[in-house]
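[1] Fold the following for me, if possible:
(4 chains)
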Number of protein chains: 2
Amino acid sequence: MKDVAAVAGVGFKTVSRVVNGEPGVSEETATRVRAAIAELGFRRNDGARLLRQGNRTSCVGLVLEDVSDPFYAQLSRAVQDVARAHGSLVLTGSSAADPLREQELATDFCARRVDGLIVVPTAADHGYLEPELAAGTAVVSVDRPFAGLAVDTVLTDNVGGTVDGVGHLLRQGHRRIGYLGDSPDIFTAAQRLAGYRQAMAGAGCAVDESWVSMAKPDPVGIRLALHRMLAGEAPVTALMCGNNRTTVTVLRELAPLPHRPALVGFDDFELADLLPVPVTVVAQDPIGMGRTAAELLFRRMRGETAAPQRIQLPTRLILRGSGELPL
Amino acid sequence: MKDVAAVAGVGFKTVSRVVNGEPGVSEETATRVRAAIAELGFRRNDGARLLRQGNRTSCVGLVLEDVSDPFYAQLSRAVQDVARAHGSLVLTGSSAADPLREQELATDFCARRVDGLIVVPTAADHGYLEPELAAGTAVVSVDRPFAGLAVDTVLTDNVGGTVDGVGHLLRQGHRRIGYLGDSPDIFTAAQRLAGYRQAMAGAGCAVDESWVSMAKPDPVGIRLALHRMLAGEAPVTALMCGNNRTTVTVLRELAPLPHRPALVGFDDFELADLLPVPVTVVAQDPIGMGRTAAELLFRRMRGETAAPQRIQLPTRLILRGSGELPL
DNA sequence: ATGAAAGCGCTAACAT
DNA sequence: ATGTTAGCGCTTTCAT
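    Numbering: from 1, shown residues only, chains lettered A, B, ... in the order given. Here you go, the predicted structure:
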């Protein structure tokens, strides 16, 4: 800016005025300044600008588990779109479900003084965010709540959705229904399992613990669990899958089997409708979650001081066939 | 930092020393400083730090078409991982295939003084990046080349891949092969179309122009194109699809038909193997592309001055059934 | 309409 | 081992 001023033969505050479209510059001077800017290829350094202005960096951080997961990819896009509408950029990072990485990303983002932070929490303890909150950084959690941190939170109705899905199977006449979830220390996995138990109990069905599998969705584990559930005297006649990774793995394991149990998956996925037996799912709304979380964040950033709210987005049962297979 | 110094009763350069782990501070003083830091919840402002240090922001920008597209989502994740290994954060934005938005994102990122920029180009003219390049910002393009800008570029072997796919259909005995691409002003779409023509010409097959459809993959357009190709005296017996969006749309339109043509898709997608007729594809390597682009970028940022290179990643033909249907 | 000076939070280069 | 000064590139405030 100093250089531009020298070339244009003006004081460097005048350059600042031109760059920011402030009034008080004659058209003639402005033209000369613009010429100098073009000649030197000058770009305003927003870092310095924001440092001086003191407050907003117009930049928000997004920490999720994995952008390449279709669920988070869509959520991500929704956050970007809302941010853009508010003139903010988005720093994005994948924690890979590693609490340490989550913390690193979040604190790195805060060190860059993001105005706000949207996090899909993985860590068990979120005390590390206390200072940031105290410093005035807006924080919103999405998909899962923070452990012991009062901030705006956007969740799916995990219990209700699973009750719906399992309820649907029960209404089809199933009584022995298996549940394939995910690692039980993941909030959503625990909630959905609770939904399964609640639905079963509500229908007066005792759950045999061999029908329940809570583990990372790896093919070998799933295969063993399925074998356990489907073999023996009283095999399960239906399956509820706790998330789309699990559903996909289960479908792949089930594909070669001659007789297939009914199946409902939690979370929708592309091509579910084109599979040999189209898959009935409890659909979530990843775009809605991202949008809602971002909107809450920007509201906070605008100074909203109401008590933190927890929003639960409803799910939608989509019947496609796999959940309506005859007993 | 000033406040911390006051609370700890030291000069504020000492605080800086403690924060950055520089030597020259007694353990006793350091402890006192750390206590003050904890008490005040102090976090170093990296913006100011980088401003002073003058050079690196440890931040790169990634401009792609749409993070929610599985292809870009995976590419995105790969870039994040490489950036993390280099201690950099990633600003990510989706251009939605809008040249203006691409430019906005890129220049916004540059205004924040990203050290480097990875772009999936959409704009026809990339002159707006000249000043940034001149200013020393490293730039890499991925998936498509920049129009008239000499920078490192990472591409898929679009022509070769399509020649492979179409060649496979030709080897199965097909002679009337349709091609469903995408908007012809997209570089990859044009390249793949060229591959199709090249393969057909190589086999001595004249291409009837009614077999070629180059348009955005919307269901209505695809339906009409398919109808045109499959009706009449001499319908096509096989289809080559130009990208995974098109393939999915085509599959959905084809699903209700009694007799289905053979099909090869460019770009792999999840569940392709579980469809009623598993889909033969020419697979790209989105993760490899993201990783390669990011590595080239960081090499440039480290001062590499060799001539810009263009890397073409090979494709892989995966036979699953749809491409091997009998004539 | 224009410019000079001060200062945002930090670090580099010198003191002490 | 610690403090002081200057200055990164910009905006704010106050002069002219």
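[2] ok now stretch A:90-97, how far from the chain's centre?
    Taking Cα atoms, centre = their mean, to the nearest Å, one finds stretch A:90-97 lying 10 Å from the centre of the chain it belongs to.
[3] what pLDDT, on average, does that stretch get?
    For stretch A:90-97, the mean per-residue pLDDT is 97.
[4] Show me what counts as buried in that stretch.
    Buried residues in stretch A:90-97, counted by 16 or more other Cβ atoms under 10 Å in any protein chain shown: A:Val90, A:Leu91, A:Thr92, A:Gly93, A:Ser94, A:Ser95, A:Ala96, A:Ala97. In this view, the C-beta of every residue, glycine as well, is placed from N, C-alpha and C.
[5] Check the burial of A:Thr14 by counting its neighbours.
    A:Thr14: 22 surrounding residues under other Cβ atoms under 10 Å in any protein chain shown.
[6] do the same with A:Glu22
    A:Glu22 has 11 nearby residues by other Cβ under 10 Å.
[7] got it, and A:Ala106?
    25.
[8] What strand or helix carries it?
    helix A:99-111 (DSSP states H and E).
[9] That helix vs chain B: in contact?
    Yes. Applying Cβ under 8 Å from any Cβ of the partner chain, one finds helix A:99-111 in contact with chain B at A:Thr107, A:Asp108, A:Phe109, A:Cys110, A:Ala111.
[10] how much space between the second one and B:Thr292?
    It refers to A:Asp108. As for A:Asp108, its distance to B:Thr292 is 25 Å (criterion: Cβ to Cβ, to the nearest Å).
[11] that older thread, just the closest of the residues of helix A:99-111 next to chain B to B:Ala73, please.
    A:Phe109 (20.2 Å; Cβ to Cβ).
[12] what is the mean pLDDT for stretch A:125-134?
    87.
[13] isn't A:Asn198 right up against A:Val163?
    Wrong residue type there; residue A:198 is Gln, not Asn. Yes. The criterion here is Cβ atoms under 8 Å, and A:Gln198 meets it with A:Val163 at 5.8 Å.
[14] Strands of the stretch 51-200 of chain A, start to end?
    For the stretch 51-200 of chain A, the strands defined by DSSP state E, counting those that start in this stretch occupy A:59-64, A:89-94, A:116-119, A:138-142, A:152-156, A:177-180.
[15] burial count for the one residue in the stretch 51-200 of chain A that gets nearest to chain B?
    Residue of the stretch 51-200 of chain A nearest chain B, by Cβ to the nearest Cβ: A:Pro131 (3.4 Å). Neighbours of A:Pro131 under the rule other Cβ under 10 Å: 17.
[16] give me phi/psi at the residue nearest to it when sequence neighbours are not counted?
    Nearest residue to A:Pro131, sequence neighbours excluded (Cβ to Cβ, 6 or more residues apart in numbering or on different chains): B:Gly41, at 3.4 Å. Taking degrees, to the nearest 10, you get phi 60, psi 40 for the backbone angles of B:Gly41.
[17] Could you report the neighbour count for A:Val18?
    If we define neighbours as other Cβ under 10 Å, then A:Val18 has 22 of them.
[18] helix, strand or coil for it?
    Under the three-state scheme (DSSP: H, G, I helix; E, B strand; the rest coil), A:Val18 adopts helix.
[19] what sits against the closest residue to it other than its chain neighbours?
    Once flanking residues are discounted, A:Val18 sits nearest to A:Val33: 4.4 Å by Cβ to Cβ, 6+ apart. By Cβ atoms under 8 Å, 6 or more residues apart in numbering or on different chains, A:Val33 lies in contact with A:Val4, A:Ala8, A:Val10, A:Thr14, A:Val15, A:Val18, A:Val25.
[20] Kindly provide the distance from A:Val33 to DNA strand C.
    Going from A:Val33 to DNA strand C by Cβ to the nearest atom of the strand, to the nearest Å gives 9 Å.
[21] returning to that earlier point: who wins for neighbours among the residues of helix A:99-111 next to chain B?
    A:Phe109 (25 neighbours).
[22] What residues does the closest residue to that one other than its chain neighbours make contact with?
    The spatially closest residue to A:Phe109, leaving aside those adjacent along the chain, is A:Gly61, at 3.3 Å (Cβ to Cβ, 6+ apart). Contacts of A:Gly61 were listed using Cβ under 8 Å, 6+ apart, and they are A:90-93, A:105-106, A:109-110, A:112, A:114, A:116-118.
[23] ok, A:Gly61 to DNA strand D distance?
    Counting by Cβ to the nearest atom of the strand - A:Gly61 and DNA strand D are separated by 22 Å.
[24] and if you look at A:Val82?
    Per Cβ to the nearest atom of the strand, A:Val82 is found 25 Å from DNA strand D.
[25] A:Leu275 against A:Leu251, yeah?
    Yes. A:Leu275 lies in contact with A:Leu251 (Cβ under 8 Å); the separation is 6.9 Å.
[26] So for these two, which residue has more residues nearby?
    More crowded of A:Leu275 and A:Leu251, by other Cβ under 10 Å: A:Leu251, with 22 against 18.
[27] and the more buried one, what helix or strand is that in?
    helix A:244-254.
[28] contacting residues around that helix?
    Helix A:244-254 has contacts (Cβ under 8 Å, 6+ apart) with A:69-71, A:180-182, A:217-219, A:222-223, A:226, A:239, A:241, A:260-261, A:263, A:265-269, A:275, A:279, A:281, B:270-271, B:273-274.
[29] What of stretch A:80-92?
    So stretch A:80-92 is in contact with A:58-62, A:64, A:67, A:76, A:79, A:109, A:112, A:114-115, A:290-291, A:294-295, A:298, B:59, B:67, B:76, B:80, B:89-94, B:108-109, B:112, going by Cβ under 8 Å, 6+ apart.
[30] Also within reach of DNA strand C: list those from those residues.
    The overlap between the contacts of stretch A:80-92 and the neighbours of DNA strand C (Cβ under 7 Å from any atom of the strand) is empty.
[31] Kindly write the PyMOL command that selects the buried subset of the contacts of helix A:244-254.
    Selecting the buried subset of those in PyMOL, with 16+ other Cβ under 10 Å as the burial test, is done by:
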select buried, (chain A and resi 69+70+71+180+181+182+217+222+226+239+241+260+261+263+265+266+267+268+269+275+279+281) or (chain B and resi 271+274)
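[32] The closest residue to DNA strand D within the stretch 1-150 of chain A: neighbour count?
    Nearest to DNA strand D in the stretch 1-150 of chain A, going by Cβ to the nearest atom of the strand, is A:Met1, at a distance of 2.9 Å. Using other Cβ under 10 Å, A:Met1 has 18 other residues around it.
[33] for it, what are its contacts?
    Applying Cβ under 8 Å, 6+ apart, the residues contacting A:Met1 are A:Phe12, A:Val15, A:Ser16, A:Val19, A:Phe42, A:Arg44.
[34] what do you get if the cut-off is 10 Å, keeping everything else the same?
    Residues near A:Met1 by Cβ atoms under 10 Å, 6 or more residues apart in numbering or on different chains: A:12-16, A:18-19, A:37, A:40, A:42, A:44-45, A:48.
[35] now do A:Leu317
    A:Gly161, A:Asp164, A:Gly165, A:Gly167, A:His168, A:Val264, A:Thr280, A:Val281, A:Val282, A:Ala283, A:Gly323.
[36] Same list (those) but as a markdown table, adding pLDDT.
    Shown next, in a markdown table, are the contacts of A:Leu317 (pLDDT from 0 to 100):
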| residue | pLDDT |
| --- | --- |
| A:Gly161 | 98 |
| A:Asp164 | 98 |
| A:Gly165 | 98 |
| A:Gly167 | 98 |
| A:His168 | 98 |
| A:Val264 | 98 |
| A:Thr280 | 98 |
| A:Val281 | 98 |
| A:Val282 | 98 |
| A:Ala283 | 98 |
| A:Gly323 | 97 |
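[37] which two from those end up farthest apart in space?
    Maximum distance among the contacts of A:Leu317 (Cβ to Cβ): 15.5 Å, for A:Gly167 and A:Ala283.
[38] Without its sequence neighbours, what residue ends up closest to A:Arg176?
    A:Arg176's closest residue in space is A:Val236 (Cβ to Cβ, 6+ apart), at 4.6 Å.
[39] wait, that neighbour sits on A:Met200?
    No. In this structure, A:Val236 is not within contact of A:Met200 by Cβ atoms under 10 Å, at 11.5 Å.
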